[in-house]
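K.L.:
Test case, fold it:
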Amino acid sequence: MKKDIRVGLVQLRAEVGETRRNLKRICDWAQKAAQQGINFLCFPESALHGYSPKDAQGLGDSSDSSIIKELRQCASDLGLTLLVGMVEQAKQGQKPYLSQIIVSPNQEPAFYRKVHLGRSERDYFTPGTEFPVFEAEGIRFAVGICWDWHFPEMAGIYSLKGAELLFAPHASPVAAGDRKEIWLRYLGARAYDNSVYLGACNLVGPNNRGKEFSGGALLFGPKGEVLAENFKTGEELLAADLSAERLNLLRSPQRGSMKDSFFLADRRKELYKELIELEVK
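P.N.:
Residues are numbered from 1 along each chain as shown. Down below sits the predicted model:
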C-alpha cells in the first residue's frame, strides 16, 4: 500500500423497484462519508436496485444509463471511490449480471460480476468469469459478492494478483442466521490466510418484496483480527483507518518473524493440481 486510507462500509436498505430512491440513499451516505474523510465507500450487493432475483430482468442498468451517470457524478463531486451493488444489464437475450460497479473520479466505471451464483440465483443471472483487481488512490483492491467468499481460492487469487484490500458486499436475509457469527467463521480466515484487509457489509431491512435483511458491517485486518464492526438494525456507516505500514510489513521480502508471515509466498503450487482435478464425492 502506498499510503494509509480510510474505508467506509454501509449497511443500506434497498427497495426493489425504487431505484431512484435507492440512488438518493447511496448519494446521501456518500456525502456523509466524504465529510468523514473516507476514500473508499462500499455498499451491499444489489444496493442500487434492491435484491430480488425473480425481478432482476426488469431492474438493471447498463454502464451508460442515466442512473449510472448520476452515480459517477456523485463520486466525482465528492472525490471518493464508490463500490455499489447493482443488477447490470447484459447483451441482448442474455440474463443480467449481479455486479459491483466501481466509480472513481476521473476514471471510467469498472465492474466485478459475481462468479459464484447461489442456487436461487442461477435461473435469473449470468455468472461472471473473471477476478479483476482494481486500483484507485494508489491502492489495489478487489470484490467478491456474498456467496463468492465461501470459495477460498478466490481470495488467494486476488492476493497473488496484488490486491491489498478486499470488499465483501452481501444480500443476506434474516432467515440465514446471525450475520456476525457467520462472518466470523470464515471471513477472518480469508483475510488472515492472504494477508489482506477485508470489509463486509450487508443489506438491512425489508426489500419491498417480502424479504427482510439482517444488516451488519465488519472490517478485518490482515491477521484476521476484527478492526471495526457495526451490527445495529438500521442503516449505518462504519468507518475505519487502514495502515499501509502494517500490510507492507507482511508483504515485504525482508519480513523476519513468523508472526509477520505472508503464507502465499511459501505455497507449493506444483502440488496443487488435484485441487482442480478432484470432484466432489
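K.L.:
Give me the buried positions along stretch 110-124.
P.N.:
Residues 110-118, 121, 124 are the ones in stretch 110-124 that count as buried (16 or more other C-beta atoms under 10 Å). C-beta here means a position set from N, CA and C on the backbone, and glycine is covered the same way.
K.L.:
where along the protein do the strands fall?
P.N.:
5-11, 40-42, 81-88, 97-103, 110-113, 134-136, 139-143, 165-170, 197-202, 204-206, 212-214, 217-220, 226-230, 236-242 (DSSP state E).
K.L.:
Just name the closest of the buried residues of stretch 110-124 to Ser52, please.
P.N.:
Set against Ser52, the nearest of the buried residues of stretch 110-124 by C-beta to C-beta is Tyr124 (9.2 Å).
K.L.:
which residues touch the residue nearest to that closest one when sequence neighbours are not counted?
P.N.:
Among residues not flanking Tyr124 along the chain, Pro53 sits closest, at 4.1 Å (C-beta to C-beta, 6 or more residues apart in numbering). Applying C-beta atoms under 8 Å, 6 or more residues apart in numbering to Pro53 gives the contacts 120-121, 123-125.
K.L.:
was I right about Leu83 contacting Phe43?
P.N.:
Yes - the pair Leu83 / Phe43 is scored as a contact, 6.6 Å apart, by C-beta atoms under 8 Å.
K.L.:
Now for those two: what residues contact both?
P.N.:
Contacts common to Leu83 and Phe43, judged by C-beta under 8 Å, 6+ apart, are Pro169.
K.L.:
of the buried residues of stretch 110-124, closest to Ala176?
P.N.:
Among those, and counting by C-beta to C-beta, the member closest to Ala176 is Gly118, at 10.6 Å.
K.L.:
show me what contacts Lys223?
P.N.:
Per C-beta under 8 Å, 6+ apart, neighbours of Lys223: 191-192.
K.L.:
ditto for Glu153
P.N.:
Leu275.
K.L.:
Now that we're looking at it, what pLDDT does it have?
P.N.:
For Glu153, the pLDDT comes out at 96.
K.L.:
and it, how far is that from Gly79?
P.N.:
Shown here: Glu153 relative to Gly79, a distance of 35 Å by C-beta to C-beta, to the nearest Å.
K.L.:
try Tyr272
P.N.:
Distance of Tyr272 to Gly79, computed by C-beta to C-beta: 42 Å.
K.L.:
quick one on the thing from earlier: now the buried residues of stretch 110-124 in CSV, with distance to Leu237 and pLDDT?
P.N.:
Formatted as CSV, the buried residues of stretch 110-124 follow (distance: C-beta to C-beta, whole Å; pLDDT from 0 to 100):
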residue, distance to Leu237, pLDDT
Ala110, 23, 97
Phe111, 24, 98
Tyr112, 22, 98
Arg113, 26, 98
Lys114, 24, 98
Val115, 28, 98
His116, 28, 98
Leu117, 29, 98
Gly118, 27, 95
Glu121, 27, 97
Tyr124, 30, 97
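K.L.:
nearest to Lys3, of the residues you listed?
P.N.:
Ala110 (21.0 Å).
K.L.:
List the beta-bridge partners for that closest one.
P.N.:
Judged by DSSP bridges, the bridge partners of Ala110 are Ile102.
K.L.:
thinking it is in contact with Ser99, fair?
P.N.:
No - counting by C-beta under 8 Å, Ala110 does not reach Ser99; the two are 9.9 Å apart.
K.L.:
could you pull out the helices for the stretch 51-200 of the chain?
P.N.:
Counting by DSSP state H, counting those that start in this stretch, the stretch 51-200 of the chain has helices at residues 66-78, 152-160, 179-194.
K.L.:
For the last one, give me every contacting residue.
P.N.:
Meaning helix 179-194. Residues contacting helix 179-194 (C-beta under 8 Å, 6+ apart): 149-150, 152, 155-156, 158-159, 166, 168, 170, 172, 176, 196-198, 200, 202, 214-216, 218, 220-226, 229, 231, 263-264.
K.L.:
okay, the angle between that helix and strand 197-202?
P.N.:
Per axes from the mean of the first three to the mean of the last three C-alpha atoms, to 10 degrees, the angle that helix 179-194 makes with strand 197-202 is 160 degrees.
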